[in-house]
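Student: fold the stuff below for me.
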Amino acid sequence: MKRLLYAFTIFMLTACFTSAQEKSNQEKNDQPKENEAVFAVVGESIHDFGTIKEADGSVTHTFKIKNEGKAPLVITRVTASCGCTTPEYTKEPIGSGKTGEIKVSFNPSGQQSPFTKNVSVYSNGKTGTSVLTIKGLIEGK
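Tutor: Predicted coordinates:
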């Protein structure tokens, strides 16, 4: 019985130590390295236009982004999920702690309601690719 209690105690101590070490390693991995950029959206990564009128034409939303890393963030390209959505973005490198913009325009002409469109952002950030989303309802002509 003593041996069983002793083995159980050793097992529990080993499990606790391993768990604490894994948490420590995970926290280290969450911190940006000296040569790493981190893409972050300021606010929401999904924008709901609500109900828009097809007759009013294009609508636009500007997403604010921030570099939370220590190296300059470079957005290499931004692509929309269809031709009705047009992205424009900050082309210059975004310094550590600085912000940039991704402006997304949507043309509702001839589109189905409701709509959801994705914009993929490719960068040298820690995650590589991020997705921004616009959505809403289109009121016909």
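Student: okay, CA-based contacts and neighbour counts for the rest of this
Tutor: Will do.
Student: max-length strand in this protein?
Tutor: In the chain, with assignment by DSSP state E, the single longest strand is strand 129-139.
Student: next one: that one to chain centre, how far?
Tutor: The chain centre lies 13 Å from the centre of strand 129-139; the measure is Cα atoms, centre = their mean, to the nearest Å.
Student: can you check stretch 73-81 too?
Tutor: With Cα atoms, centre = their mean, you get 12 Å for stretch 73-81.
Student: pull the number of nearby residues for the nearest residue to residue 37 once chain neighbours are set aside.
Tutor: Of all residues not flanking residue 37 in the chain, residue 69 sits nearest, at 4.2 Å (Cα to Cα, 6 or more residues apart in numbering). Neighbour count for residue 69, taken as other Cα atoms under 10 Å: 23.
Student: residue 69 and residue 98 touch, don't they?
Tutor: No. Using Cα atoms under 8 Å, residue 69 is not in contact with residue 98, being 9.7 Å away.
Student: hang on, the earlier thing: please, which helix or strand holds the residue nearest to residue 37?
Tutor: Following DSSP states H and E, there is no helix or strand that holds residue 69.
Student: please tell me how far it sits from residue 62.
Tutor: Applying Cα to Cα, to the nearest Å, the value for residue 69 to residue 62 is 22 Å.
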